[in-house]
Every structure is written in C-alpha cells, then in structure tokens.
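K.L.:
Provide a 3D model corresponding to the input given below.
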Amino acid sequence: MALLAQDSAVPCALVALTVFRAPAWACLICFTSYKERTRICQIFAGIQGPELEKCQEAFSSAFADLADIEINYDERSHLHDAFTQMTHSLQEIAAAQGSFNIAFPDAAEKMRKVIMKLKGAQACVPPCGFQDVARRFLCYGCYSKACNFPLDCPVQDLTVTRGQQAKFSCTVNFQLPKEEITYSWKFAGGGLRTQDQSYFRDIPRAQGYLARIRPVQPTHSGTFSCSILHDQRPVARLYFFLNVTSAPPRGEIELQVSFRKVLRWAPKETETLEPWRPSLGELLARPEALTPGNQCLLAALAAVASASATLMVWVFFRWYFKGN
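P.N.:
Numbers count the residues shown, from 1 in each chain. Down below sits the predicted model:
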C-alpha cells in the first residue's frame, strides 16, 4: 500500500488497475491521486471504519461510466484542471457535512459534461505518416495512442517522355502542424525503385513541397524521396518512381501531327454555322407570337406604316401639280 500513497496520479493509476482490476476508476485514477481520493472520503466518513469503505466504493461507482473515455491528447491538461477543481469542490461539500451518495454522482455528471465539450481526436488517415493531430488519450490504462501507420508511404509511379516535364507534389491527406514544417528531397538513380534510404543522396537545392524537372532525361530515371519534417522530426516520407521513356521516331511524330490535324478538321458548312434569323411570317406562325401585347404592337406598326404611305402620296402629288 505504500506505493498507493504516492502523490503522482499516473503511477497510482497503474497500481490500482493492477491490484483491484477495476477499470471503472479509469479517468478518476488518471487525473487524481490516491491521497486526494482518500482525503475526500475521510472528510465525508471519518478516518477509518465501514463508512470509509462505503465512501470509496461509492466514489468509484459514480465514475464507472467514464471508464472508456478517449480524448484528444492535447486536451489532457484541460481535463486535469477540471478534475482538480472537482476534488476541491468535493472537499468543500464534505466539510459542510454533505452526503457523498449525492455529491459523487453530481461530480461525475459534471465531469461528463466537461468531457463532452473537449475537442475530440481526429480520425487516422491511412496509409502512412505520424499523425500527431490524431493522437488520443485513453482513460482505460492512462496512456496515449497514435495511429499505427508506417512512416514510409507507398511508392507512386510516374512515367514521362524524354524532354517533357516531371512534377512531384509532397503532400499528405492528413492535417500537418501549422508551423515549423520543412521538406527535404533525395534521389536514388540508376532506374532503381526502392524505399531503402541507404540508396538515396540529398538534393540540396530542392526545397518546398513541390519539385519539378524539365527537361526530363534518362539519367533522371529512379526514385525521388520527399521527407516532411516537423521541428526536424520526420512526419512522413513519400516516394516517386520516375520512369523516363524515349521520344517516338521523327516519322511517327509527323504522323501524329497529321492525325491531329484530321481530327481538328470539319466540313465547311459546320465551320461557318450562322445564327437562325427567322422571317416575319415564321415569327407570326409560332403559337406564342400573337399575344395581346404583340397584337397591339402590330396594330401600332400598321397605323404608322399607313400614315407614312399617305404622307408620301400627298407630298408626291403636291410636287407634281406644282411643277405643271
């Protein structure tokens, strides 16, 4: 029992889980010490006796539903602070002659609400990489757990014709830390497809998450490796196998050019498509043409045309008789 009297919460948690085999204590054991819990029950029920044992049993039973809680690893300090405040509150209730049968369930319910407000752990994104944002803390056992993925990502194959351009993007599907992210590039030549780091040599001038080679030459055949680092610690390593193929013969290139010209060719009548310009009769023949508004417009146009014709006839006769 001497070990249980230590002030450290985590060692006490491991001892309690081993001796009593009581996972119901989980979060309570992780974030409170044996000395703190004993002190609270002694204030409620006295220094020793059957009532003290009942208090300790009630304490563990009240927090039984928090046995399998998982939280974001970065939220541990917030949860620890919440448990510290809870122990102070229970001591005040005990000093005021309160009942532990009421105080413990109320405290457990408040802790549940606190946990529900904490930021949850992100899901692991396969297939590779050390995903620190997805690390979680498990109350059952009082330990943290990271995604069980290898650091090395699968090799990505890229085939490029000689003289063309090759582009590599060193990106992952999971969230990276916002600061202190760097990239380093390496190359294993000779057409080697490998993930063995002993075959790679550094490419000093390559920086950033994008890399480009132009024009591509046969000497570029091989595996390019990109390491993503956070504060100089590797987060993931990506691999790109570049296969450089020879350019086709000149005659074949000319044939392809001619073939593309044929594909772009079209009959003349389809090259000069004109918009449809219907006549007045075609417009009037459409069912939706003779609306009341259109009828009024046609009547106005007819009146204007008639008046214009009458004016022109009058002007003509006046000019004719004046000349004679």
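K.L.:
Convert stretch 58-77 to CSV, retaining C-alpha atoms only.
P.N.:
Presented in CSV, the C-alpha positions along stretch 58-77 are these (Å, rounded to 0.1, in the frame of the first residue of the first chain):
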residue,chain,number,x,y,z
ALA,A,58,-19.4,5.0,-4.0
PHE,A,59,-16.6,7.1,-5.4
SER,A,60,-15.6,4.5,-7.9
SER,A,61,-19.1,3.5,-8.8
ALA,A,62,-20.1,7.2,-9.6
PHE,A,63,-17.3,7.4,-12.2
ALA,A,64,-17.9,3.9,-13.7
ASP,A,65,-19.4,5.3,-17.0
LEU,A,66,-16.1,7.3,-17.6
ALA,A,67,-14.0,4.1,-17.9
ASP,A,68,-13.6,4.0,-21.7
ILE,A,69,-13.3,7.8,-22.4
GLU,A,70,-11.0,8.8,-25.2
ILE,A,71,-10.0,12.5,-25.7
ASN,A,72,-7.7,14.4,-27.9
TYR,A,73,-4.2,14.2,-26.5
ASP,A,74,-3.8,18.0,-26.4
GLU,A,75,-6.8,18.2,-24.1
ARG,A,76,-5.2,16.3,-21.2
SER,A,77,-4.3,19.5,-19.3
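K.L.:
now the helices for the stretch 1-150 of the chain?
P.N.:
9-20, 26-31, 34-45, 50-62, 76-95, 100-117 (DSSP state H, counting those that start in this stretch).
K.L.:
Report how many residues lie close to the spatially closest residue to I213 that is not a sequence neighbour.
P.N.:
Leaving out its chain neighbours, the residue that sits closest to I213 by CB to CB, 6 or more residues apart in numbering is A166, at 4.5 Å. The way it works is simple: take the backbone N, C-alpha and C, and place the C-beta from them, glycine included. The local packing of A166 (other CB atoms under 10 Å) involves 20 other residues.
K.L.:
Which residues are in contact with A166?
P.N.:
L158, V160, R212, I213, R214, V216, H220, L242 (CB atoms under 8 Å, 6 or more residues apart in numbering).
K.L.:
Please state the mean pLDDT value computed over stretch 67-75.
P.N.:
Per-region confidence: stretch 67-75 scores 86 on mean pLDDT.
K.L.:
And for stretch 194-208?
P.N.:
Mean predicted confidence for stretch 194-208 is 91.
K.L.:
Would you indicate which residues of that stretch are buried?
P.N.:
By neighbour count on 16 or more other CB atoms under 10 Å, the buried set for stretch 194-208 is T194, Q195, Y199, F200, A206.
K.L.:
how about those residues in CSV, adding secondary structure and distance to Y140?
P.N.:
Below are these laid out as CSV (DSSP: H, G, I helix; E, B strand; the rest coil; distance: CB to CB, whole Å):
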residue, secondary structure, distance to Y140
T194, coil, 41
Q195, coil, 36
Y199, helix, 43
F200, coil, 42
A206, coil, 45
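K.L.:
now, among the residues you listed, which is nearest to C27?
P.N.:
Nearest to C27, judged by CB to CB, of the buried residues of stretch 194-208 is Q195 at 40.9 Å.
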